[in-house]
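Asker: sequence isn't available, so here's the structure alone:
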């Protein structure tokens, strides 16, 4: 029974997106529990900043070799091989799997030894004993990219066969591993307990996908040949993509380094708020991008460029319909969200207000962060990894420059700093320099989104831009009306509940969100938005089993 469920195939993009979106919601919920436990146990103090800083180098490995290589180059090649010769496709899989396993182990081993040098660059503002702790925790976390690297080969197989369920369970198990580490190991090993939980979660992420891959026909063989043709093609395709990923990771390292020099909790506050906005991006953007990638690859492999453009346009409009109101809600409900998710234990009121301010600035670019992976997958389906890489480098450069500029401007009293204090309601907090980081991040993300969309249009031609523009105008108008009613609902609810309690904040947030949702749906219907009908039809079609 369990095997049949795990190996079930999803027959439409909508079905795959629904499965992945539900997984993203559940994973996001577990991520919120994870962050709440971290905040309650350590606050926004040095231990939490050490924890987030320790991820930087292992994440660099993960993003370069896995997101930059395996994840986006393996699937198109596997599709090509499998359509021509199934036996050779499985042989190619083993060559790729073993090559990347050897490469990951060697890279992680070298960086394990060089960790002290990297940590000095990443955390220049930390005390020496704190840097030593970051080094030790970083070395523990180097096991996770190895597990993730192997797992993503199996993920590519499952994507090809539309077996998204086992893949969608993997991130849930990853977060469960971290939660178990925080609950059961931190009392004995302090912040190292959370690190051990990360490694355990990465192992579970791998373990759950192996049976489904075997069910589809995978059989492990120790085949090693670094001159194998498919490997050469993968490395050729991943080089420009990896350059973009490196730039993105350097960007995060720069942000971490800047944050380490501001206040003790700046790294923690940035990451907590980034994780909160990242949940929305994962639910709507990453799940859609993952679901659509196999279809995009197959359409282009068959030369169906017109169908590709139409599918892209339709999904772009549907995603905007969902994510724009979510962004507005997160902006208006930022303080409530932070209080509900993180406001416990050692996470004090000033931490809450700064995190809420950061989340408000992040919310400005949630639509961009959501759609960037989706647009990038369109380029990857075209076997174009150079354009997204170039755009990423431009965006990262802008982000780094603006981060330095905004942090400096917010370090002293001036029109810019006083305006942001007033706008984000942090007037009596002395040092607000760190909110310059999410502001720079949002501006750079919006720029990246605009450039990617511009270059994609140049590449594939018209993807019904007029329809997208018309749809967006209706979405913005409905979102503006929704914002007015949400604000009024917040004020009304605050007079009926005790805002000093968790239950009071929860009821206020739930009531305002419900009112906002109803107003948005009614407004988009009144404006004649086709996305309401399209999304309803696609969901009902999937649920009824009509394909």
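Answerer: In hand now; what should we look at? Predicted model, so just to flag it, every value in this text is computed and none were measured.

Asker: next one: phi and psi at residue 414?
Answerer: Residue 414 has phi and psi values of phi -160, psi 180 when expressed as degrees, to the nearest 10.

Asker: so what's residue 477 up against?
Answerer: Residues in contact with residue 477 (Cβ atoms under 8 Å, 6 or more residues apart in numbering) are 523, 527. No exception for glycine: its C-beta is placed from N, CA and C like everyone else's.

Asker: and the next helix or strand past the strand or helix carrying it?
Answerer: Per DSSP states H and E, residue 477 falls inside helix 465-494. Using DSSP H and E, the helix or strand that follows helix 465-494 towards the C-terminus is helix 502-526.

Asker: what is the mean pLDDT for that following helix?
Answerer: What helix 502-526 shows for mean pLDDT is 94.

Asker: walk me through the domains of the chain.
Answerer: For the chain, automatic domain parsing gives the domain ranges 2-463, 470-547.

Asker: for those domains, which one ends up most surrounded?
Answerer: Among the domains of the chain, ranked by average contacts under mean count of other Cβ atoms under 10 Å, first place goes to domain 2-463 (a mean of 20).

Asker: would you mind measuring from residue 326 to residue 479?
Answerer: 10 Å (Cβ to Cβ, to the nearest Å).

Asker: can you check residue 169 too?
Answerer: With Cβ to Cβ as the criterion, residue 169 and residue 479 are 33 Å apart.

Asker: what does residue 279 give?
Answerer: To residue 479, residue 279 is 19 Å away according to Cβ to Cβ.

Asker: just residue 313 next, same as before
Answerer: Between residue 313 and residue 479 the computed distance is 20 Å (Cβ to Cβ).

Asker: so where is the stretch 301-450 of the chain shaky, pLDDT-wise?
Answerer: For the stretch 301-450 of the chain, applying pLDDT under 70 flags the ranges 301-303.

Asker: what segments of it are strands?
Answerer: Taking DSSP state E, counting those that start in this stretch as the criterion, the stretch 301-450 of the chain carries no strands.

Asker: what sits closest to residue 81 if chain neighbours are left out?
Answerer: The shortest distance from residue 81 to any non-neighbouring residue, by Cβ to Cβ, 6 or more residues apart in numbering, is to residue 89 (3.9 Å).

Asker: which is the next helix or strand following the helix or strand in which that neighbour is found?
Answerer: Residue 89 belongs to helix 86-122 when assigned by DSSP H and E. Tracing the chain past helix 86-122, the next element assigned as helix or strand by DSSP H and E is helix 128-141.

Asker: show me what that following helix packs onto, helices and strands only.
Answerer: helix 46-54, helix 56-61, helix 86-122, helix 191-207 (3 or more Cβ pairs under 8 Å, 6 or more residues apart in numbering; DSSP states H and E).

Asker: distance to residue 248 and mean pLDDT added to those, as JSON lines?
Answerer: Putting the helices and strands packed on helix 128-141 into JSON lines (distance: least, Cβ to Cβ, whole Å; pLDDT from 0 to 100) gives the following:
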{"stretch": "helix 46-54", "distance to residue 248": "16", "mean pLDDT": "94"}
{"stretch": "helix 56-61", "distance to residue 248": "10", "mean pLDDT": "86"}
{"stretch": "helix 86-122", "distance to residue 248": "15", "mean pLDDT": "93"}
{"stretch": "helix 191-207", "distance to residue 248": "20", "mean pLDDT": "96"}
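
Asker: next, format these as a markdown table and append distance to residue 29.
Answerer: Shown next, in a markdown table, are the helices and strands packed on helix 128-141 (distance: least, Cβ to Cβ, whole Å):
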| stretch | distance to residue 29 |
| --- | --- |
| helix 46-54 | 20 |
| helix 56-61 | 22 |
| helix 86-122 | 30 |
| helix 191-207 | 15 |
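
Asker: by how many degrees do the helix holding residue 89 and helix 46-54 diverge?
Answerer: 130 degrees (axes from the mean of the first three to the mean of the last three Cα atoms, to 10 degrees).

Asker: how far away from the center of its chain is helix 86-122?
Answerer: 22 Å (Cα atoms, centre = their mean, to the nearest Å).

Asker: which strands and helices sit next to it?
Answerer: helix 56-61, helix 71-84, helix 128-141, helix 143-160, helix 229-260.

Asker: can I get those helices in JSON lines including distance to residue 110?
Answerer: Below are the helices and strands packed on helix 86-122 laid out as JSON lines (distance: least, Cβ to Cβ, whole Å):
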{"stretch": "helix 56-61", "distance to residue 110": "10"}
{"stretch": "helix 71-84", "distance to residue 110": "22"}
{"stretch": "helix 128-141", "distance to residue 110": "12"}
{"stretch": "helix 143-160", "distance to residue 110": "13"}
{"stretch": "helix 229-260", "distance to residue 110": "16"}
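
Asker: figure out which of the helices and strands packed on helix 128-141 is closest to residue 267.
Answerer: Residue 267 sits nearest to helix 46-54 of all the helices and strands packed on helix 128-141, at 3.9 Å, using Cβ to Cβ.

Asker: mind listing what the closest residue in space to residue 407 that isn't next to it in sequence touches?
Answerer: Leaving aside its sequence neighbours, residue 407 sits nearest to residue 436 (Cβ to Cβ, 6+ apart; 4.4 Å). For residue 436, the contact set (Cβ under 8 Å, 6+ apart) comprises 402, 403, 405, 406, 407, 409, 410.

Asker: sitting in helices, which of those do you find?
Answerer: 402, 403, 405, 406, 407, 409 (DSSP state H).

Asker: relative to residue 55, how far out is residue 249?
Answerer: Between residue 249 and residue 55 the computed distance is 10 Å (Cβ to Cβ).

Asker: rewinding a little: quick one: mean pLDDT for the helix holding residue 477?
Answerer: Helix 465-494 carries an average pLDDT of 93.

Asker: and if you look at stretch 209-227?
Answerer: Here the average pLDDT along stretch 209-227 is 92.

Asker: again, but for stretch 154-166
Answerer: The pLDDT scores in stretch 154-166 average 84.

Asker: straight-line length of that stretch, end to end?
Answerer: Using Cα to Cα, to the nearest Å, one end of stretch 154-166 lies 10 Å from the other.

Asker: ok now it, how far from the chain's centre?
Answerer: On Cα atoms, centre = their mean, the centre of stretch 154-166 falls 19 Å from the chain's centre.

Asker: for stretch 382-392, same thing?
Answerer: That offset, for stretch 382-392, works out to 19 Å (Cα atoms, centre = their mean).

Asker: and stretch 135-152, by the same measure?
Answerer: The answer for stretch 135-152 is 18 Å, by Cα atoms, centre = their mean.

Asker: now do stretch 74-84
Answerer: Offset of stretch 74-84 from its chain centre (Cα atoms, centre = their mean): 26 Å.

Asker: all further residue positions should be reported with the first residue as 12.
Answerer: OK, 12 is where the count begins now, so the last one is stretch 85-95.

Asker: tell me the mean pLDDT for it?
Answerer: Mean predicted confidence for stretch 85-95 is 83.
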